[in-house]
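S.K.: fold the following and give me the result.
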Amino acid sequence: MDLKAMFEKYDDEFLKFSNVVTPKHERPDMCAFIMLAELESENHRDMVSAAEHDEIYLSPDPELVAKIITEEQVADLVRCGVRFDEETNSFCMFT
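M.R.: I've put the predicted structure just below:
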């Protein structure tokens, strides 16, 4: 899956957490963390791998996640506030 294209496709859903049908948690950031943890369950590192200014970068490997993520999961991550940063090849969120 082309993560950049998928995340761009759902850009109009950014931060529309109320559109998540069955959230994993009632808080958007926690919901995103749980979703990503389930998608890359072998990763036992901290979810937040780096921070810069008003952004955090998340540790799940986008290449591994891209192999198993569904389009609906991408939409839900976007609704939770997750973005894909092609420059750093990582998932990120504003703080």
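S.K.: for residue 30, grab the count of nearby residues.
M.R.: 14 (other CB atoms under 10 Å). Every residue, glycine included, has its C-beta placed from N, CA and C.
S.K.: now do whatever helix or strand residue 36 lives in, average pLDDT.
M.R.: Using DSSP states H and E, residue 36 falls within helix 28-39. Helix 28-39 shows an average pLDDT of 96 in the prediction.
S.K.: in stretch 58-74, what's buried?
M.R.: The neighbour-count check on stretch 58-74 (16 or more other CB atoms under 10 Å) flags 58, 59, 60, 62, 65, 66, 69, 73, 74 as buried.
S.K.: those in helices, which ones?
M.R.: 62, 65, 66, 73, 74 (DSSP state H).
S.K.: so the first one sits against residue 92, correct?
M.R.: No. Residue 62 is not in contact with residue 92 according to CB atoms under 8 Å; the separation is 10.6 Å.
S.K.: give me the common contacts of these two.
M.R.: residue 84 (CB atoms under 8 Å, 6 or more residues apart in numbering).
S.K.: ok, the residue sitting furthest away from the middle of the chain to residue 95 distance?
M.R.: Here the chain reaches farthest from its C-alpha mean at residue 53, the gap being 18.7 Å by CA atoms, centre = their mean. Going from residue 53 to residue 95 by CB to CB, to the nearest Å gives 9 Å.
S.K.: in a strand, residue 56, correct?
M.R.: Yes. According to DSSP: H, G, I helix; E, B strand; the rest coil, residue 56 belongs to a strand.
S.K.: pretty sure it contacts residue 32?
M.R.: No. Here residue 56 lies out of contact with residue 32, judged by CB under 8 Å, at a distance of 10.7 Å.
S.K.: neighbour-wise, which of those two wins?
M.R.: Using other CB under 10 Å, the more surrounded residue of residue 56 and residue 32 is residue 32, with 26 against 17.
S.K.: in space, what's closest to that one - neighbours in sequence excluded?
M.R.: Closest residue to residue 32 apart from its sequence neighbours, by CB to CB, 6 or more residues apart in numbering: residue 80 at 3.7 Å.
S.K.: ok, now which ones touch the one you found?
M.R.: Contact partners of residue 80, counting by CB under 8 Å, 6+ apart, are 17, 20, 28, 29, 31, 32, 35.
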